[in-house]
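Participant: Sequence plus the predicted model coming up.
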Number of protein chains: 2
Amino acid sequence: MTTIKDVAKLAGVAVSTASYALNGKQKISEETRRKVFEAAKKLNYQKNGFASDLKSKSTKTIALILSDLSGPYYSQLIQGVQDVSYENGYNLVACSSFGGYNSTAVKFLMEKRVDGTIVFAHNIENDLLVQAAHESFPIIALDRSIESDHIVSIEVDNEQGGYLATKHLVELGHKHIAYVSGPVTTHDNILRFKGYQRALKEHNLPYKSKWNISGNFTREGGYNAAKLLISQKDLPSAVFFANDEMALGGLRAFKEKGIEVPKDISVIGFDDIQLAEYTRPSLTTIRQPKYEMGALAAHILYQLLKGEETENFYKLSTELIIRESTKILT
Amino acid sequence: MTTIKDVAKLAGVAVSTASYALNGKQKISEETRRKVFEAAKKLNYQKNGFASDLKSKSTKTIALILSDLSGPYYSQLIQGVQDVSYENGYNLVACSSFGGYNSTAVKFLMEKRVDGTIVFAHNIENDLLVQAAHESFPIIALDRSIESDHIVSIEVDNEQGGYLATKHLVELGHKHIAYVSGPVTTHDNILRFKGYQRALKEHNLPYKSKWNISGNFTREGGYNAAKLLISQKDLPSAVFFANDEMALGGLRAFKEKGIEVPKDISVIGFDDIQLAEYTRPSLTTIRQPKYEMGALAAHILYQLLKGEETENFYKLSTELIIRESTKILT
DNA sequence: TAAATGTATCGAAACGATTCAATAACGTAA
DNA sequence: TTACGTTATTGAATCGTTTCGATACATTTA
């Protein structure tokens, strides 16, 4: 590989001069600048990014860490981050935390290969983030709440979302509302469930534990949960699936058993994934402001990188999207 | 930030000893190893990735360059790349070529911030790839064909796909088959169109230019193209949309005008995007082997990085997926 | 006991850029 | 002519690692 040394030699100038010329940083005569660029072109010179970063201690790049790079779920979030990064003239790379401690994500976090990062990956523990964060390496943690210097947390108000979903069903006249949960220990699930309970209580509806079924946040899980509900004696008149994927599985299960949605049973999901609008019936759900979340995260990160002050906790609210899968109880 | 120097000092050993201990590379006594790790932990030492990369000239990381990070379209491709990368113990980062010459992608390409790269982004020109590729920096170019050292091209057989789609319609008895094209200059579109023409010719069907409408590969474009077809006098009995997005737009246009698919008109797409199976009617289409493409690309890249020989051109074939949007002409 | 062998540790050079402080070159004012 | 200011150029130090070759010391072998 050709280095700046080679360029300098060919151009007949000092290495430092070549560097100044190439970066346009200091007064360099038109004449030598030309010579340097000519030499660089002739040698097909390209600077070594590492060497440059090492010296200048800045990469003008941030990383977005996701638990799964390939998830269509993230698409809008990424868009938000991307747009704001572009505006700020920063580079963006995405990497996955798949593989836990050996993952690309952890490598980027620990070895500071970027100027800062946005983390949306629950398989990375809080401790690790706390350890990695630093004055010169701010971290934005999405969908969790961490109390630590140089870390800003952004959460969607899952409790409010759970409440909204349940309230919608209640207002349609439903009194028997099942809740299909995600993994019971997850932050998201706990809060959504809390919102569900709050709405029930507020409307004086009893909570029945037999209507709380675990679905694991997967399509398959939702399918099985719905099957289980059906096989129990009295079917509720509405089901709140704690995410859309599970709701999709649920819709399939109901269809297979000849139970019509929304005629026989109302279904509501959570997330508003892209597919939600294309299912038959289309899915009523709680929209998470994903684009906004990404944009906000990036925005705050750039503020921190500029040394500005910010809050260290933000909460975004959700929105009820009414489609065809819920209707008034007759 | 604390450096290895600090660690060495605290542990009372030489810098080189600390490095050996931390990396487990050379014989180091249990005693000093312990001292070094203790010091590192106490100081919360984390190595500087740049410095390390600079010296060792390898990052154990590859980049996947996409024209749009957020596109759900890429999901399976990414999955393929990710799986193979994980098997090979390499790190993967994804970056976008949005922004052209100022994009993150170009920075990664030119400054060699990774060991090699897979490029699936048409807004990066061949010349740039040729310039960036190097013995120590192999590039896999997807969906285009480049003749150059250290670049391997992988293409989906678009011509065959176009042929397959058209043949399917012909075999269903259709004689009047429209083609809704993408941007006319794009590689993909040209080949798909070629396949369409070959199938027509092979079955002695005439090609009518009024049935070749431009749809720009977008949903909106497909919608407008379908509208245009409808407003022309004689409607064809089948339409081949050069991608699924346009087909989606087309379906909407037909529905709005009360033209039933597939009763009144058959529709076929190209790509087999995730939504294709959820539209009403679900979409008959040509599946591109995206996962396989990603996996193959990664596989070849790792072969090159190991210094092994490979072909420098690969072609993958497509598959007809029959769903509800096409039927026998009655 | 001296020589040979082996092991753990160390010092210094290197990677390829950036940047500070020093110098050279040159025109201008005194 | 000398002194000075300005501007373009340079040499050398530096960033934080890795790694080569040297060294010191302990152990085995002849």
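Facilitator: Good, I have the coordinates.
Participant: Now do the helices in the stretch 101-250 of chain A.
Facilitator: Here the stretch 101-250 of chain A has its helices, by DSSP state H, counting those that start in this stretch, at A:104-111, A:126-132, A:158-171, A:187-202, A:219-231, A:244-256.
Participant: Is any residue of the second one near DNA strand D?
Facilitator: In other words, helix A:126-132. No - figure legend: helix A:126-132 not in contact with DNA strand D (Cβ under 7 Å from any atom of the strand); closest approach 14.0 Å. Any C-beta I mention is one placed from the backbone N, CA and C, and that applies to glycine too.
Participant: Let me know the average pLDDT across that helix.
Facilitator: For helix A:126-132, the mean pLDDT works out to 95.
Participant: Can you spell out the domain ranges of chain A, please?
Facilitator: What the record gives for chain A is the domain set A:4-56, A:61-156+A:290-316, A:158-288, from automatic domain parsing.
Participant: who in the stretch 1-150 of chain A is up against DNA strand C?
Facilitator: Checking the stretch 1-150 of chain A against DNA strand C by Cβ under 7 Å from any atom of the strand, the hits are A:1, A:3-5, A:15-16, A:19-20, A:22-23, A:25, A:45, A:47-48, A:51-52, A:54-56.
Participant: Give me the buried entries from those.
Facilitator: A:3-4, A:19-20, A:22, A:45, A:47-48, A:51-52, A:54 (16 or more other Cβ atoms under 10 Å in any protein chain shown).
Participant: The helices of the stretch 101-250 of chain A: which one's closest to residue B:154?
Facilitator: Closest to residue B:154 of the helices of the stretch 101-250 of chain A is helix A:104-111 (Cβ to Cβ; 22.9 Å).
Participant: average pLDDT for stretch A:302-319?
Facilitator: The average pLDDT for stretch A:302-319 rounds to 96.
Participant: what's the average pLDDT for stretch A:152-171?
Facilitator: Across stretch A:152-171, the average pLDDT comes to 98.
Participant: ok, now stretch A:175-191?
Facilitator: 95.
Participant: Ok, stretch A:12-26 next?
Facilitator: Mean pLDDT, stretch A:12-26: 92.
Participant: how long is it end to end?
Facilitator: End-to-end distance of stretch A:12-26: 18 Å, with Cα to Cα, to the nearest Å as the criterion.
Participant: Quick one: check that stretch for contact with chain B.
Facilitator: No - Stretch A:12-26 stays out of contact with chain B when judged by Cβ under 8 Å from any Cβ of the partner chain, the minimum separation being 12.6 Å.
Participant: any idea which residue sits dead centre in chain A?
Facilitator: residue A:120 (4.6 Å; Cα atoms, centre = their mean).
Participant: What separation do you get for the closest residue to residue A:67 other than its chain neighbours and residue A:65?
Facilitator: Setting aside the residues directly before and after it, residue A:67 is nearest to residue A:121 in space (Cβ to Cβ, 6 or more residues apart in numbering or on different chains), at 3.9 Å. Note on residue A:121: its distance to residue A:65, by Cβ to Cβ, to the nearest Å, is 5 Å.
Participant: returning to what we had before: go through the residues of the stretch 1-150 of chain A next to DNA strand C and flag which are in helices.
Facilitator: Among those, the ones falling in helices (DSSP state H) are A:4-5, A:15-16, A:19-20, A:22-23, A:51-52, A:54-56.
Participant: what residues are up against residue A:257?
Facilitator: A:227, A:230 (Cβ atoms under 8 Å, 6 or more residues apart in numbering or on different chains).
Participant: what's the pLDDT at it?
Facilitator: pLDDT for residue A:257: 95.
Participant: what about the residue lying closest to residue A:166 once chain neighbours are set aside, how many residues close to it?
Facilitator: Setting aside the residues directly before and after it, residue A:166 is nearest to residue A:199 in space (Cβ to Cβ, 6+ apart), at 3.5 Å. By other Cβ atoms under 10 Å in any protein chain shown, the residues close to residue A:199 number 22.
Participant: ok, residue A:199 - contacts?
Facilitator: Neighbouring residues of residue A:199 by Cβ under 8 Å, 6+ apart: A:162-163, A:165-167, A:170.
Participant: Ramachandran coordinates for residue A:64?
Facilitator: Backbone torsions for residue A:64, taken as degrees, to the nearest 10, come to phi -110, psi 120.
Participant: Contacts for the one helix or strand residue A:8 maps to next, please.
Facilitator: Residue A:8 is part of helix A:4-11, with elements assigned from DSSP states H and E. Helix A:4-11 is contacted from outside by A:14-15, A:17-19, A:22, A:32, A:35-36, A:38-40, A:42-43, A:45, A:47, using Cβ under 8 Å, 6+ apart.
Participant: Flag every buried residue along that helix.
Facilitator: Residues A:4, A:6-8, A:10-11 are the ones in helix A:4-11 that count as buried (16+ other Cβ under 10 Å).
Participant: From residue A:274, how far out is residue A:157?
Facilitator: From residue A:157 across to residue A:274, the span is 22 Å (Cβ to Cβ).
Participant: picking that back up, which of the ones in helices among the residues of the stretch 1-150 of chain A next to DNA strand C lies closest to chain B?
Facilitator: Lowest distance from chain B to those (Cβ to the nearest Cβ) belongs to residue A:54, with 4.2 Å.
Participant: and whichever residue of the stretch 151-300 of chain A sits closest to DNA strand C, which of the three is it?
Facilitator: Nearest residue of the stretch 151-300 of chain A to DNA strand C (Cβ to the nearest atom of the strand) works out as residue A:298 at 25.0 Å. For residue A:298, the reduced secondary structure class is helix; criterion used: DSSP: H, G, I helix; E, B strand; the rest coil.
Participant: Go ahead and confirm it touches residue A:79.
Facilitator: No - using Cβ atoms under 8 Å, residue A:298 makes no contact with residue A:79, being 10.6 Å away.
Participant: between those two, who's got more neighbours?
Facilitator: Taking neighbours as other Cβ under 10 Å, residue A:298 and residue A:79 compare with residue A:298 leading, 26 against 18.
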